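Peer 1: Quick one: sequence plus predicted model below, questions after.
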Amino acid sequence: MSTYTRLEFGLSIFLVILFLIPVGVIIFVAEESPFHQVSGEPVNEAVLATGITVTSVKDTTWNLPGAIGGKIYVLTDNTGEIVTVSTQSFDSGEAREAAIRLYNAHPVGHGKPVGSLVVLGQHLVYVTPANSNILARLAPELKKKVLP
C-alpha cells in the first residue's frame, strides 16, 4: 500500500469518526419526554393562568394511530395577536412518539407545517405560528406540566 493510499484511508477513517462521535453523543444524551398522565386540560389551565383570551374551542381527533382526542383552541391577547393551539392525547408512549417521528420526518415546506410541537405527558400540543408572543407567555405555564 502506498503512502498516498494510506493517507487517504486514514483521512477517510478520521472523517467517519468525526461524523459518528456527535451522532453517538446525541443518541446517548437525548431522551424521550416521559409518557405520563397529565390531568385536566393543560393548555386551558395555562391560558387561564396567563390571562390570554380563548376565542373558540373545538373537539378534534387527529387521524393517527393511538390518538384519542383533543381540542383546537383559538387564542388572542390584548395586542390582537391570534394563535391556534391544537392538542391531542395518545393512548401510549409508542403512539405519541410515532406521531412525533412523523412530524419530524418532513422538512418545513415539504409537508411539515410551520409551528411548534410541545410534548406534555400523553399530550402533543401544536402551536401556530411558532414565534408568537402568546406561545412565549404560555411556555412557562406549560413547562410546569412537563415532569410528573
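Peer 2: Yep, that arrived.

Peer 1: Looks to me like Val125 is in a strand.
Peer 2: Yes. Per DSSP: H, G, I helix; E, B strand; the rest coil, Val125 lies within a strand segment.

Peer 1: wait, what's in contact with it?
Peer 2: By CB atoms under 8 Å, 6 or more residues apart in numbering, the residues touching Val125 are 42-43, 85-87, 117-119, 142. C-beta coordinates here come from the backbone N, C-alpha and C atoms, glycine included.

Peer 1: which strand residues sit across from the most centrally placed residue in the chain in the sheet?
Peer 2: By CA atoms, centre = their mean, the chain has its centre lying nearest to Leu117, at 3.0 Å. Assessed by DSSP bridges, Leu117 has beta-bridge partners Tyr126.

Peer 1: tell me the pLDDT at it?
Peer 2: Leu117 is assigned a pLDDT of 84 by the prediction.

Peer 1: Kindly report the same for the one 5 residues further on.
Peer 2: With respect to pLDDT, Gln122 has a value of 81.

Peer 1: shouldn't it be in contact with Glu94?
Peer 2: No. Taking contacts as CB atoms under 8 Å, Gln122 lies outside contact range of Glu94: 11.6 Å.

Peer 1: Please identify which of those two sits among more neighbours.
Peer 2: Each of Gln122 and Glu94 has its neighbours counted (other CB atoms under 10 Å); Gln122 has more, 19 against 12.
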